[in-house]
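S.K.: Give me the fold of what follows.
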Amino acid sequence: MRQRVPGAEDLREGLTAAAAGRDMSEDELPSGVEETLDWRGAPLRCDDCPHEDIHSQGRCDLGKTCVRDRRGRRIDRFFSAAPELAARYLNHPYFELRLIAARYVSVFQLNALVADDEAEVRAVVASRLPVNRLAALKSDPDRKVRAAVASRLEGASLLSMAGDEDYFVRMIVARRAPPASLMAMIDDADSDVRRIVARRLPAEYLGPMTADRDALVRREAAYRLPDPRLHFLAADPDMRVRYAVAERLPPDQLHLLLDDPVDEIRELAQERVKRKGSVDE
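M.R.: You can find the predicted model right below:
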């Protein structure tokens, strides 16, 4: 399991950012942290480092580029200068070091981290493994890992995650799945997922979503529903839905909203009727 060290939680955000390929300036690091400390908080010295050859080549620099430093930016710089050494650290007890090393090793060496104790490490693995080797991570206990998997799968493999227990993973599926396949998600338990479905589902299949229990889902349907079927939402109990209908309703059906109790909707319907009359004249 992860071995905790003083200040590790304070450093997590920066280290994770480095692992994702983002840079982090020195002044963003937590104040009060010593300049050169290892992952256990002990001072670093070059004279007991196993990478003297790297140092002599100018590829590492204590306080700036160092694989033993606990700061993610410095570890990332080290592997950037010496990527061939990343594989040596896949079993290191410092999880941030494993996480960053996972970005640099060959994909053929990533199997060693598929069952890593740390979810962030497994998420990096999921982002790099060949797609045909992601099956074991589709049911990972952490949603970050499953989200990384869903971001890469396609077709039937992606749709098999439409029933994931976490709404965020299902949102990724809804955004990436072929639109015609989204009928399977119109009854998703989460309204955010259903809104995405309403935005992407082929318009001719939107009928069931006009009766969705969430008004914002029905509004999404109103934006895209074929004109001949919009009148079914003209009496919707939510004003946001009726306003969307008023914007799109065919002119010959606008009479359904001319007496709407909401001023803005009634005025929009009246204005559109007037514009239609002016055009006809």
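S.K.: ok, residue 85 to residue 124 distance?
M.R.: According to Cβ to Cβ, to the nearest Å, residue 85 stands 17 Å off from residue 124. Every residue, glycine included, has its C-beta placed from N, CA and C.
S.K.: So for the two, which sits in the more crowded spot?
M.R.: Applying other Cβ atoms under 10 Å to residue 85 and residue 124 shows that residue 124 carries more neighbours, namely 26 against 19.
S.K.: quick one: average pLDDT of the host helix or strand of the more buried one?
M.R.: Element membership for residue 124 (DSSP states H and E) is helix 119-128. Mean pLDDT, helix 119-128: 97.
S.K.: now do stretch 79-98
M.R.: Mean predicted confidence for stretch 79-98 is 95.
S.K.: Stretch 219-228 too?
M.R.: Here the average pLDDT along stretch 219-228 is 95.
S.K.: for the helix holding residue 124, the distance to its chain's centre please.
M.R.: Relative to its parent chain, helix 119-128 has a centroid offset of 13 Å by Cα atoms, centre = their mean, to the nearest Å.
S.K.: following that helix, which helix or strand shows up next?
M.R.: Moving toward the C-terminus from helix 119-128, the next helix or strand (DSSP H and E) is helix 143-150.
S.K.: Show residues contacting stretch 244-262.
M.R.: Identification of contacts with stretch 244-262 by Cβ atoms under 8 Å, 6 or more residues apart in numbering yields 219, 222-223, 227-228, 230-231, 233-236, 239, 242-243, 265-266, 268-270, 272-273, 276.
S.K.: Can you tell me which of the residues you listed are buried?
M.R.: Using 16 or more other Cβ atoms under 10 Å as the burial test, those include 219, 222, 230-231, 233-234, 236, 239, 242-243, 265-266, 268-269, 272-273 as buried.
S.K.: any idea which of those residues is closest to residue 64?
M.R.: Proximity of the buried ones among the contacts of stretch 244-262 to residue 64 (Cβ to Cβ) peaks at residue 219, which lies at 53.2 Å.
S.K.: tell me the contacts of the closest one?
M.R.: Shown in contact with residue 219 (Cβ under 8 Å, 6+ apart): 238, 240, 241, 244.
S.K.: what's the pLDDT at the closest residue to the first one other than its chain neighbours?
M.R.: If you skip the residues right next to it in sequence, residue 238 has residue 215 as its closest partner in space, 3.7 Å away by Cβ to Cβ, 6 or more residues apart in numbering. Residue 215 carries a pLDDT value of 98.
S.K.: Double-check residue 215 against residue 233; I have them as touching.
M.R.: No: applying Cβ atoms under 8 Å, one finds residue 215 not in contact with residue 233, separated by 10.5 Å.
S.K.: which residues do these two both contact?
M.R.: Both residue 215 and residue 233 are contacted by residue 241, under the criterion Cβ under 8 Å, 6+ apart.
S.K.: before we move on, back to that, run a quick neighbour tally on the residue nearest to residue 238.
M.R.: Applying other Cβ under 10 Å, I find that residue 215 has 16 neighbouring residues.
S.K.: avg pLDDT for the top helix by length along the chain?
M.R.: Counting by DSSP state H, the longest helix found in the chain is helix 263-280. Helix 263-280 carries an average pLDDT of 85.
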